[in-house]
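Undergrad: Sequence first, predicted model second:
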Amino acid sequence: GGSTVQPSLYVPVNYELTQETQPFAEIFQTERYTSKSIGNLIYNIPVDSNGVYQVELVFGETWHRLAGTRGFNVLVQGEVVFPALDIVVEGGFQRPLLKTATATVRGEGMIIVTFVPLASAKEGPTVSAIKVSKVSDLSGTW
């Protein structure tokens, strides 16, 4: 479920499958990205109730081998959770990079994941998969 609210492209990719990447074969058949000139890539992911959620993000750099070509900040619920993410630096070229963040929902009815391109990067953000799982209900007052 959910939706992207900024223009983005969903394209097939040519990903080298290895023993390490085989479990991600279906995920890495395509990627969602946006060009730097368009701006942010934003996902609004509806959730059923208030609570604490785990947000799992899967990245794979399938186009650019050089560090610094694609860099972006990742925000969850408006808070930067992964600043200046460079998939090649952290995960390598054509290797899966898994990142996990926590989101607290207090009446919004959704989790908002935003990918913001860095001014220094040549390319815009990309993401291969997003998985959201509820961890707990909110307790007490807020």
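TA: Looks like it arrived, so ask away. Numbering: from 1, shown residues only.

Undergrad: For the rest of this, base every contact and every neighbour count on C-alpha atoms.
TA: Will do.

Undergrad: nearest residue to Ile87 other than its sequence neighbours?
TA: Glu61 (6.0 Å; CA to CA, 6 or more residues apart in numbering).

Undergrad: Please read the previous query as pertaining to Ile42.
TA: Spatial nearest neighbour of Ile42, excluding adjacent residues (CA to CA, 6+ apart): Thr114 at 4.5 Å.

Undergrad: What separation do you get for the one you found and Ser35?
TA: 14 Å (CA to CA, to the nearest Å).

Undergrad: These two: who's more crowded?
TA: Counted by other CA atoms under 10 Å, Thr114 and Ser35 do not tie: Thr114 has more neighbours, with 23 against 17.

Undergrad: from memory that one sits against Val81, does it?
TA: No - Thr114 lies out of contact with Val81 (CA atoms under 8 Å); the separation is 10.2 Å.

Undergrad: and for those two, which residues touch both?
TA: Listed as contacting both Thr114 and Val81 by CA atoms under 8 Å, 6 or more residues apart in numbering are Val74, Leu75.
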